[in-house]
Every structure is written in C-alpha cells, then in structure tokens.
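Visitor: Got a sequence here, can you build the structure:
(one chain, ligands or ions: 1)
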Amino acid sequence: MNLNTRQQQAVEATEGRVRVIAGAGSGKTRVLAHRYAFLANEVGISPGNILCLTFTNKAAQEMKRRISTMVDRGSVNDFICTIHSFCAKFLRKEIYRIGYPRNFTIIDEEDGKALARQAMQEFGIDRRKTTAERFLKSVAAYKGYEPMQYIQKHLLPCSSSEAPDATVRYLRLQLKQFALDYDDLLYFTLYILQHFDDARKYWTEKINYVMVDEVQDCTGDDWKLLHAITENHGNLFVVGDPDQAIYEWRGANPKIFVDFKAHTDIILNENYRSTPDILEVANHIIEHNHNRVKKELFTVKLNERQVVHLHAKSDKEEAAFIASRIDDAVKEGMGYGDFAILYRSSFLSRQIEQSLLKLHIPYSVWGGVRFFERKEIKDVLSYLRIVATDNDDLSFRRIINLPARKFGDASLKALSAIAEEEDTSLMTALRNHIDDKRFSKPTLRNFLKLIDDARARVGIMPVSELTDWILKESGLGDLYRTDEEEERLENLTELINSMKEFEEGRIDEGDADLTSYLQEIALYTNADRSNDSERVRMMTIHQSKGLEFPEVFVIGLTEGIFPNHRAIRERRQDGEEEERRLMYVAVTRAERMLWLCESEGYMNENGALKFPSRFLSEVPEGMLRVEGKLDPVLKAGTAGLVSMLNQELCEDGEKPWDNGTRVSHKIFGEGVIEGYDASAKSYKVRFNASTRNLLPHVLTRL
Ligand SMILES: Nc1ncnc2c1ncn2[C@@H]1O[C@H](COP(=O)(O)OP(=O)(O)OP(=O)(O)O)[C@@H](O)[C@H]1O
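Guide: I've put the predicted structure just below:
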C-alpha cells in the first residue's frame with residue numbers, strides 16, 4: 001500500500017478514539033484515504049456508515065478523488081465533506097422537526113451583511129461607526145454564548161418576542177426567510193441531536209466511524225458535534241498538527257486536540273514533501289514557540305537548492321526579481337503551475353501582479369474576490385433562489401430591478417410595508433398586489449411570469465440549462481454583454497460549467513435538484529473551483545493550507561507585516577505564536593525550492609522604515625543563502641523593533657495595582673498602596689509609621 005509503519009498503524013487502528021499528530025507533509029491525507037479504503041475493503045463497512053470530514057470543500061473533492069482510486073465507485077459518497085456540508089445534509093432530512101422547510105436557505109457572509117445593514121438601518125445604527133461586519137461579529141458572539149437558548153428564543157418559528165433591538169431584528173429577518181448562517185448549521189444540528197431522541201438514535205447508529213482532518217482548526221462547537229455523533233460507536237479518528245493551527249483568531253481551539261484523551265496515539269514525523277534544507281528552516285522557526293507538542297520532522301529526501309533569503313531595495317524590485325525568476329525557470333522547462341507566491345495579507349499581491357503581467361506570466365489570485373461572491377454570480381444565484389422559494393427577500397431585493405423594471409426605492413418601500421403588515425415575503429406580497437396600481441406594470445407581471453415559467457421547468461431541466469434559460473429570458477445575459485466587462489461573462493460560463501460538474505457528480509443519487517444545488521453552492525468558495533494547473537498561484541498563507549508546490553516564494557517578510565504586529569498587539573504571545581505557525585505552514589508548502597523575500601522601504605501604515613522579519617533571524621546564520629545586499633544594520637533594526645514592541649506590551653500588561661490594595665514588605669510589614677509613579681514604576685505605600693516609594697518586586701499583594 002506504500003505506507004510507512006506508522007502510517008500503516010494509523011490506517012489499521014480502526015476502533016475507539018485514535019489521535020494522529022501529523023507533521024507537515026507527513027502524509028495525513030494519504031493516511032485518511034487509505035483508512036477509508038481499509039474500512040470499506042478490508043473491514044467491510046458500508047461507506048454510508050463512514051463520515052470523513054475535511055476542512056474545505058476543495059479538500060473534500062480531493063479526498064473523494066483519492067478514495068475513488070482505491071474503492072468501488074459506489075463507495076465514494078456524500079459523507080466525505082466539510083462539517084458544514086454534513087450539517088446541511090443532516091438538516092435537509094431533519095430540520096422539519098423544528099418547523100423549518102427542507103429548502104431552508106443558507107446565507108453566506110455577504111448575505112448576512114445585507115441583512116445586517118437592513119437591521120442596522122431600521123434601528124438607526126450609524127454605519128460609519130459600526131460596520132455590518134462588526135455588527136455580525138456581535139450577533140455571532142450573542143449566538144455562540146448560549147446556542148441552544150438562542151435557538152429556542154429566537155429561531156424556532158413559534159418563538160416569542162423580546163424587546164426588539166437591532167440584533168433581535170436581524171434574527172427575526174433570518175427566521176422570516178428560514179435562513180441559516182454557517183454557525184446556525186452547526187447549532188441546529190446539535191440542537192436536533194440533543195432534543196430529538198429518535199433523530200439522535202438514527203444518526204449515531206448510522207455513523208459507525210468518523211474521521212476528521214485538520215482537527216487542530218476545529219472550534220469547541222465542532223468538537224461537540226464530533227462527540228455527539230460518535231456517542232454510540234465511539235469510533236473517532238482525528239488527525240491534525242498543532243503546529244499548523246492558524247485559525248485561533250476565528251474561534252478554533254487547538255488545545256482540545258492537544259488534550260484529547262485517545263485510546264491510541266500515533267505521531268507521524270517523516271516528511272515526504274520537502275528537502276532537508278527546507279525542513280530544517282521550518283524546524284528552527286517553529287522551535288521558537290513555547291506552547292507546542294515537540295516533534296522534529298525529518299526526511300530522507302536529498303537537498304536540491306539552498307533556501308534563499310531574497311533582500312531587495314524596494315518592493316518593486318522584490319516583485320520584479322520573482323517574476324523574472326519564474327520567467328527564467330519556465331524557459332528552462334518548469335511549468336507556471338509549479339510556482340506559488342504566498343503572503344500574509346492580500347494587499348501584498350498587487351505589486352507582484354503588476355510584475356507578472358509585465359512579463360505575460362499567467363497567474364491566478366485565489367480568494368481575491370471569491371468566485372461565488374462576485375456580483376454576476378450572486379445575481380444569477382438570486383434568480384435561482386427566488387425560483388426555488390418565494391420566501392427569499394434578500395434575493396428578491398437583489399433582482400427585482402435587475403435588469404431595470406421601473407421598480408425603484410419608493411416601490412420597494414411600499415411593497416415592504418405591505419409585506420411587513422401581512423407578514424409575508426416580498427415576492428408573495430407582489431403576487432397578491434399585482435393589481436394595485438403602484439405595481440401593476442407589464443415589467444412586473446413579466447417578472448412574475450418569468451419566475452413561474454422557470455419554476456415549471458425545475459425538475460424537468462437540469463440546473464445548468466435552467467440557468468441558461470433564465471439568463472436569456474430575463475435579459476440578464478444581455479445586460480452583462482453590454483456591461484463591457486468581459487470577466488463577468490467568463491465567470492457566468494464558469495458558473496454553468498460548475499453546475500454541469502455538480503449534475504454529473506450527482507447522477508447516481510438522483511439528488512441534483514435545484515434545492516440541493518443551492519445548498520451546496522452556499523458552502524463554496526473560490527478556492528473550490530479554480531483549475532489553476534497552468535498558472536502561477538498567488539494566495540494568502542491561510543489559503544495555502546494543505547497544498548504543496550515545487551517552488552514557493554513567501555513575500556513581504558517585513559517585521560510588522562509578517563509577523564503582523566496588530567495580531568501580536570491584540571493577542572500577545574498567542575498572537576505571536578499563531579503568526580509563527582503561519583510562517584511554518586508557508587515554509588512547509590515548498591517541495592524543492594523556497595524563497596523568503598522582503599524589501600527595504602517604508603511601511604504603508606506608519607511610514608516607518610521597513611526591517612526584515614524576526615522569522616528570518618530565527619534561522620541560524622549560514623542556513624539561508626542571501627540574495628541581494630543586506631546591510632547588517634537592518635538586522636539590528638529588526639531586533640530594536642521587536643524589543644520596542646515587547647516593551648510596549650510589557651508596560652501595557654503591567655496594569656498597576658489600584659490604590660487601596662493591601663501589600664506586605666519584608667521589613668516594613670503590611671501596608672496600603674496610595675499611588676503609582678508610572679515613570680519610576682514605583683508605588684507609594686503607606687505603612688504604620690511612614691510612607692515609602694517602592695518597586696513592585698519587593699511587594700507581595702495580600
Ligand atoms: N508513505 C509515503 N511514501 C511516499 N510518499 C508519501 C508517503 N506518504 C505521503 N507521501 C507524499 O507526501 C506528500 C505529503 O503528503 P500529504 O499531502 O498527505 O501530507 P499532509 O500531512 O496532509 O501535509 P500538510 O499537513 O503539510 O498539508 C504527498 O505528495 C504524498 O503523496
């Protein structure tokens with residue numbers, strides 16, 4: 001099977017709780033795929049009883065592809081997916097229990113923002129003060145605080161009122177459309193598992209084996225679901241790498257993985273991806289983290305080219321160097337797809353893009369604007385959503401005047417008032433009041449007819465054909481053709497291609513209907529769809545997770561940018577360590593050649609001089625070949641900047657004790673603080689007989 005002893009052991013450890021701590025490039029994807037095949041082929045478990053969870057949709061597709069080469073075709077099923085898409089599948093079957101229709105909608109971040117804006121506007125929240133994004137964060141915190149209570153209180157259709165504020169209003173808008181965001185998918189699934197015995201019995205008996213990839217990036221709620229779903233059989237196999245935990249800032253909790261009590265523990269530390277030099281750089285950097293499970297990666301591969309520290313005089317020069325290196329290498333026989341350019345923050349891509357364009361090097365930016373978040377894609381999907389259900393007010397608002405139907409703000413306001421009063425959706429209100437003279441226009445009648453005609457075609461036409469039909473009949477296609485934005489038409493063609501792929505994938509299951517498509521698509525991101533084998537790939541390091549490339553450039557390695565000082569200021573040591581893990585992820589993406597790039601100049605943020613990242617100094621002298629003229633003064637500059645930041649954090653962290661705090665001193669006895677001198681960092685302490693100014697280290701707080 002082409003596995004090493006430990007990998008083999010992991011594959012065959014099928015029963016109970018198994019934890020695999022897998023270093024970068026140590027073959028965890030391979031282990032997961034083989035384990036699935038082992039369960040299906042050797043142990044004889046039906047794939048319908050195995051749940052294999054990946055971090056992204058793209059990873060799920062890749063996993064399916066790998067597994068399909070090892071098992072019968074019928075064995076690759078829908079239970080190889082992300083946690084959120086598992087929840088969507090679960091809810092499609094079970095959500096009726098709490099009064100929701102099976103064709104509930106899933107709202108992504110953009111949809112959420114639109115709802116947020118509406119709620120904020122109604123409650124007069126100034127959008128210059130609170131952005132929709134920030135508002136949504138507070139909603140998420142509200143939900144996450146007591147998810148079960150929040151569902152009962154706000155999201156069950158029978159739920160009763162609470163004095164409305166913007167958050168409550170937002171939740172009502174969600175309920176009105178039966179719309180679930182990503183958090184809700186998880187919470188609703190947990191809710192049903194906890195509150196409906198027969199549902200719990202069915203699912204926990206059905207799922208005999210659960211395997212989870214990238215488990216270090218699971219949140220506490222994800223873990224709750226893993227425990228709930230394995231309650232019956234107890235077979236939970238988790239794979240992850242604490243050194244690659246890069247989503248703590250978003251609520252992931254890698255500590256749960258580190259503390260997980262398994263029946264079987266396996267460590268994979270043989271790396272098959274990178275050359276020894278690259279690994280050594282990675283090992284040296286990650287060693288600087290204190291909170292980690294120590295594991296040293298090794299490889300039997302041979303070195304090819306030394307890792308380079310590229311130092312340029314300006315970011316323009318840095319970009320030009322990279323473009324010309326790629327150009328030369330391609331002339332010597334490498335492919336554009338062999339290169340990846342990784343960065344901490346997306347603004348760093350612009351300069352490189354310009355240089356690549358200059359040399360006519362094909363490239364793609366992953367996640368610039370995510371494919372399914374582009375305007376034209378969302379417009380078409382909104383049409384499809386309205387065809388699927390009248391309840392979707394968001395989609396209605398988006399398309400009712402697209403193309404123009406003489407339905408402006410005033411009409412929308414009038415219709416909204418009616419819908420609110422009658423407690424129906426905008427679409428239903430329009431249907432019921434089409435004879436009202438405010439709405440009785442041929443354009444609007446045509447719109448209703450278009451939607452009804454499309455609805456009659458659902459189930460007869462595949463989704464791809466239906467979409468094509470809507471583009472023609474609605475006039476949307478023409479609109480984009482006159483838009484002069486070539487890209488939009490290309491994207492629409494690509495959307496229809498994606499639908500065809502979806503239909504082909506589902507042909508055996510008879511599950512390629514419009515609702516399933518819309519639910520699936522709501523979970524997609526741009527990274528899920530690109531076929532970039534002939535292009536240089538540019539992406540943030542977060543997006544590079546799980547990928548590998550022969551040659552990698554990590555750009556913008558400037559202290560402050562990477563590690564990002566904002567992250568460190570906000571989360572102190574945790575922030576610094578997560579930045580370092582991000583660096584570790586970046587370095588370990590490279591197979592044969594690695595460039596660590598930075599340049600001189602000034603920071604955008606504050607105009608200060610740029611200095612090389614501390615991560616570069618964490619690699620022992622001589623291990624990196626320096627390209628460019630690196631003045632030793634710059635290194636000293638980095639050290640100065642780091643210590644200044646530490647100093648700042650230290651001072652911030654030492655909040656002085658309040659006046660009145662009781663303390664004791666070896667000689668003077670007990671006393672009470674009466675003041676603090678920030679410049680001397682000393683306290684004024686009153687003792688029985690006198691007052692003294694003393695430094696904190698001689699005082700003990702009582
Ligand atoms: N036993 C093996 N023999 C040969 N090659 C292997 C073996 N195991 C894994 N590989 C190869 O090593 C590379 C890394 O494997 P894989 O992508 O599964 O690693 P990973 O642990 O998921 O990495 P990361 O966590 O860094 O994303 C792949 O190219 C894979 O084919």
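
Visitor: can you list the residues that contact stretch 119-130?
Guide: 117, 132, 135, 165-167, 169-170, 173 (C-beta atoms under 8 Å, 6 or more residues apart in numbering). All C-beta spots, glycine's among them, are computed from the backbone N, C-alpha and C.

Visitor: Could you rerun that using 7 Å?
Guide: For stretch 119-130, the surrounding residues in contact (C-beta atoms under 7 Å, 6 or more residues apart in numbering) are 132, 135, 165-166, 169-170, 173.

Visitor: For those residues, which entry has the maximal number of neighbours?
Guide: Tyr170 (26 neighbours; other C-beta atoms under 10 Å).

Visitor: Pull up the gap between that one and the ligand, please.
Guide: Shown here: Tyr170 relative to the ligand, a distance of 37 Å by C-beta to the nearest ligand atom, to the nearest Å.

Visitor: Just give the closest residue to that residue, not the sequence neighbours.
Guide: Among residues not flanking Tyr170 along the chain, Ala119 sits closest, at 4.0 Å (C-beta to C-beta, 6 or more residues apart in numbering).

Visitor: Return the mean pLDDT over the helix or strand containing the one you found, rounded to an integer.
Guide: Ala119 belongs to helix 109-122 when assigned by DSSP states H and E. What helix 109-122 shows for mean pLDDT is 85.

Visitor: Centre of the chain to that helix, how far?
Guide: Distance of helix 109-122 from its chain centroid, counting by C-alpha atoms, centre = their mean, to the nearest Å, is 21 Å.

Visitor: now do stretch 461-473
Guide: 31 Å.

Visitor: Validate this expectation: Arg97 resides in a strand.
Guide: No. According to DSSP: H, G, I helix; E, B strand; the rest coil, Arg97 belongs to no strand; its state is helix.

Visitor: tell me the pLDDT at Met148?
Guide: 83.

Visitor: Count the residues that sit near Ile125.
Guide: 16.

Visitor: related to what we said a few turns ago, look up how far His542 lies from the residue nearest to Tyr170.
Guide: As judged by C-beta to C-beta, to the nearest Å, Ala119 and His542 stand 29 Å apart.

Visitor: Mind checking which of these two has more residues around it?
Guide: Relative neighbour count places Ala119 above the other of Ala119 and His542, with 23 against 17, counting by other C-beta under 10 Å.

Visitor: now check stretch 333-346, is it near the ligand?
Guide: No. Judged by C-beta under 6 Å from any ligand atom, stretch 333-346 stays clear of the ligand, getting no closer than 13.1 Å.

Visitor: Quick check: buried residues in that stretch?
Guide: 334, 336-344, 346 (16 or more other C-beta atoms under 10 Å).

Visitor: What of stretch 36-44?
Guide: Applying 16+ other C-beta under 10 Å to stretch 36-44 flags 36-40 as buried.

Visitor: and if you look at stretch 466-475?
Guide: So for stretch 466-475, counting by 16+ other C-beta under 10 Å, buried means 466-468, 470-471, 474-475.

Visitor: Around the ligand, pick out the residues from the stretch 101-250 of the chain.
Guide: 241, 244.
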